[in-house]
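Visitor: Provided below are the primary sequence and the corresponding predicted coordinates.
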Amino acid sequence: MKPKVLVTRVIPDAGLKRIQQVCEADIWPEVMPPPYSVLKERARGVDGLLCLITDRVDGDLLDAIGPQLKVISQMAVGVDNIDLNAARVRQIPVGHTPGVLTEATADLAFALLLAAGRRLLESVEYIRAGKWRTWEPTTLLGADFSGATLGIVGLGRIGKAVARRAAGFDMRLLAYNPTMTADEAAAVHARLVDFDTLLRESDFISIHTPLTPQTRGLFNRDVLAKMKPTAILVNTARGPIVEMEALYNALTTGVIRAAALDVTDPEPLPPDSPLLSLPNLTIVPHIGSASVWTRDQMALMAAENLIAGVTGRPLPHAVSQ
Ligand code: GLV
């Protein structure tokens, strides 16, 4: 008998086909994720769960699924939606998809740095509002990149990939990463500094740290106030790392110049959120890993983790628990 798995959304064929070869797969067919109560019902009795960042996976869910559950395979690198402790005490391994989304996410972080720095959103709006009448010497002036300082918060895989891109733009690089050695940072031409130095000296700040109890709300009112008034903040990591109300206040009172977000809190923002109407805030809908090759690889890796788990093998890409 094939192992039973639940896949909580339609994922790229690269992964689905592989799963269907080995497992009896129940695939949640809707665009919106299964509500928590529905997930609890639908997952009852499965041997493997393939989930996304939009699924809350906690002890109650794991108990509802039952003791036969052998693996939780998340199609994402970040796993803050999963209660890792609840999985560990039940001895359920958790898989994720690191590495394959590094370059695509770094590309998007850099796209957002450039978009916010060179005021792309405002420029498009300017044309759409019929304001473009001639070449103007002092209109829509943005930030310079060459020679500017980029502060990277979290110099892991994605942070380093952003550092490599920044080197091509002749930027000076600072990094804040409490668990890293200066030599490792120097390998990507970044200087490790304390958090306050990074805030004080950076013209651009890009966030690449996981969401943990330590990073939740890290960019609050006091922290934003330590940034340069000309600084630009980009977040492609997790929404709750930046306090949304503090960011709104900082952007409307000149505490910082501009920001760009791929992630928000909540996600999505309500359509009437005041953040959506700020000219100096660019928001995109959590598309960091949204390139064709990357999503195929993520689906494949998630499928490999799932299949390894349900067939009793160690996961090739396990989260350390
Ligand atoms: C997406 O946000 C991911 O963690 O892969």
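Guide: Everything's here; your move.
Visitor: can you tell me the closest non-neighbouring residue to residue 161?
Guide: Leaving out its chain neighbours, the residue that sits closest to residue 161 by CB to CB, 6 or more residues apart in numbering is residue 106, at 3.5 Å. For the C-beta atoms, the positions are set from N, CA and C on the backbone; glycine is no exception.
Visitor: what's around that neighbour, how many residues?
Guide: 24 (other CB atoms under 10 Å).
Visitor: next: residue 245.
Guide: Using other CB under 10 Å, residue 245 is surrounded by 12 other residues.
Visitor: assign it to helix, strand or coil.
Guide: Three-state call for residue 245 (DSSP: H, G, I helix; E, B strand; the rest coil): helix.
Visitor: look up how far residue 259 lies from it.
Guide: Residue 245 sits 13 Å away from residue 259, going by CB to CB, to the nearest Å.
Visitor: kindly report the same for residue 51.
Guide: Residue 51 is 30 Å from residue 259, by CB to CB.
Visitor: neighbour count for the two, which is higher?
Guide: Taking other CB under 10 Å, residue 51 and residue 259 do not tie; residue 51 has more neighbours (29 against 26).
Visitor: my guess is that one contacts residue 69, does it?
Guide: No - assessed by CB atoms under 8 Å, residue 51 is found out of contact with residue 69, at 11.7 Å.
Visitor: what does the stretch 51-200 of the chain put close to the ligand?
Guide: Neighbours of the ligand within the stretch 51-200 of the chain, by CB under 6 Å from any ligand atom: 53, 76-78, 101.
Visitor: could you save those residues as a markdown table and add columns showing secondary structure?
Guide: Below are these laid out as a markdown table (three-state DSSP):
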| residue | secondary structure |
| --- | --- |
| 53 | coil |
| 76 | coil |
| 77 | coil |
| 78 | coil |
| 101 | coil |
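Visitor: domain-wise, how is the protein divided?
Guide: Under the assignment automatic domain parsing, the domains of the chain span 4-100+293-310, 102-283.
Visitor: okay if I get the ones you listed as CSV plus mean pLDDT?
Guide: Formatted as CSV, these follow (pLDDT from 0 to 100):
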stretch, mean pLDDT
domain 4-100+293-310, 98
domain 102-283, 98
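Visitor: now the helix or strand hosting residue 303 - C-alpha only, CSV.
Guide: Assessed by DSSP states H and E, residue 303 sits inside helix 292-310. Extracted in CSV, the C-alpha atoms of helix 292-310 (Å, rounded to 0.1, in the frame of the first residue of the first chain):
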residue,chain,number,x,y,z
VAL,A,292,10.2,29.3,-12.6
TRP,A,293,13.4,27.3,-11.9
THR,A,294,13.5,28.1,-8.2
ARG,A,295,9.9,27.0,-7.6
ASP,A,296,10.5,23.8,-9.5
GLN,A,297,13.5,23.0,-7.4
MET,A,298,11.7,23.9,-4.2
ALA,A,299,8.8,21.5,-5.2
LEU,A,300,11.3,18.8,-6.0
MET,A,301,13.2,19.2,-2.7
ALA,A,302,10.0,19.2,-0.7
ALA,A,303,8.9,16.0,-2.6
GLU,A,304,12.3,14.3,-1.8
ASN,A,305,12.0,15.2,1.8
LEU,A,306,8.4,13.9,1.9
ILE,A,307,9.2,10.7,0.2
ALA,A,308,12.3,10.0,2.3
GLY,A,309,10.2,10.6,5.4
VAL,A,310,7.3,8.3,4.5
